[in-house]
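In: The following block contains a protein sequence and its predicted model.
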Amino acid sequence: MLTKIETFIKTQLKIDLPDIRPGDTVRVHQKIPARQASQLAGVADGKEKEVSKLQIFEGLVIARKHGKEMGSTITVRKMVSGVGVEKILPLHSPNIDKIEIVKRGKVRRAKLYYLRWAKGKRARLKKKDFAIAIDEPSSVETTEGKEPKEEVSEVRPLSTEEAPAETKKEE
């Protein structure tokens, strides 16, 4: 039986989060409250509408902590004018609008803290093949006057036993 706290936590968890791993380059859309946004822009109080704004932070995920629970976080790092900037972002926060995975890197560690001090070639990660599934109809659509494309089966070279009789050399 679920307690009241567990029931409340289940309602607060986000279910549409992508599978984020260390080595991923992500784009995090973070909501900024209207008051804080106007202070950042240097506008005096009362001159701007009360609308929250989205701020995009794109960087490399160097750590993920606390699994899939309510307090799970990711540490995202990017370079700004030659200075490293890191943000620790709670995944289930209502201030995080959405998270997009831009690309994946091939890594062999769970925590990539060594990238803080790495320079040049050591600071680069290898690419990992990453494809986002796009919803497309699986059947071949035909238009008027056009024939559907014929599917090609596996192509392999012929061995000497399978070669036609005319090409075989007789001994």
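Out: Cool, the structure landed. Just so we're clear, the structure is a prediction, and the values are computed from it rather than from any experiment.
In: And for residue 26, the neighbour number?
Out: In terms of burial, residue 26 registers 21 neighbours under the definition other Cβ atoms under 10 Å. C-betas here are computed from N, CA, C, even on glycine.
In: Go ahead and list the helix or strand containing it.
Out: Per DSSP states H and E, residue 26 falls inside strand 25-32.
In: for residue 20, same thing?
Out: Under the criterion DSSP H and E, no helix or strand holds residue 20.
In: wait, it sits on residue 14?
Out: No - judged on Cβ atoms under 8 Å, residue 20 makes no contact with residue 14 at a distance of 11.8 Å.
In: re earlier: could you pull out the buried residues of the strand holding residue 26?
Out: For strand 25-32, burial by neighbour count (16 or more other Cβ atoms under 10 Å) applies to 25, 26, 28, 30.
In: can you tell me which residues contact the second one?
Out: Neighbouring residues of residue 26 by Cβ atoms under 8 Å, 6 or more residues apart in numbering: 20, 58, 59, 60, 61, 74, 76, 99, 100, 101, 102.
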